[in-house]
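Chemist: sequence unknown, structure follows:
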């Protein structure tokens, strides 16, 4: 029985540690988690590095911002009046879209904004992905490789939310430390 080699489409079980360019850990996936290979679950650059490998292999990926979460865009930062927000908000919290009555209605509504500063009169919001503008290093361990089911192939995903997915980003509400 030959070990299955990673090729599209298949399902890979991975663990990883995500670090910045200075090797400071940002995030880790300690529990082996399944991802669909050849669809939406993993960034293209990550798939490139995994292709042709098998269970037990370890891979290191270096991602420049354009292959990860894009460049940091200053225009996604805005100031809104403090009174538009509920009591108890604090820096680091994440909200989806801007509150009713926002001064910058041109800002994308479906974006997750991180509250970066809270002043008595206003709040600073940043619509950039928390990892935007950062080069990232990912140390990946391939735990398992299996054939994808017909349903998974149709869906292009096993439905696991992933910080390395095409729809990238930590889940709203989970602040990056």
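Modeler: Okay, I see it. Predicted model, so just to flag it, every value in this text is computed and none were measured.
Chemist: where does the prediction get shaky in the protein?
Modeler: Across the chain, the ranges flagged by pLDDT under 70 are 1-2, 160-177.
Chemist: which parts of it are helices?
Modeler: With DSSP state H as the criterion, the chain has helices at 44-50, 150-155.
Chemist: next, format those as TSV and append mean neighbour count and distance to residue 114.
Modeler: For every residue, glycine as well, the C-beta is placed using N, CA and C. Formatted as TSV, these follow (neighbours: other CB atoms under 10 Å; distance: least, CB to CB, whole Å):
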stretch	mean neighbour count	distance to residue 114
helix 44-50	18	24
helix 150-155	13	30
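Chemist: residue contacts, residue 147?
Modeler: 4, 10, 11 (CB atoms under 8 Å, 6 or more residues apart in numbering).
Chemist: okay if I get the residues you listed as CSV plus neighbour count and distance to residue 146?
Modeler: Output for the contacts of residue 147, formatted as CSV (neighbours: other CB atoms under 10 Å; distance: CB to CB, whole Å):
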residue, neighbour count, distance to residue 146
4, 15, 7
10, 19, 7
11, 23, 5
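Chemist: which one of these is nearest residue 117?
Modeler: Lowest distance from residue 117 to the contacts of residue 147 (CB to CB) belongs to residue 11, with 42.2 Å.
Chemist: ok, what's across the strand from that closest one?
Modeler: residue 36, residue 146 (DSSP bridges).
Chemist: same deal with the one 4 residues further on?
Modeler: According to DSSP bridges, residue 141 are recorded as the beta-bridge partners of residue 15.
Chemist: and of the helices of the chain, who's closest to residue 137?
Modeler: Relative to residue 137, the nearest member of the helices of the chain by CB to CB is helix 44-50, separated by 11.6 Å.
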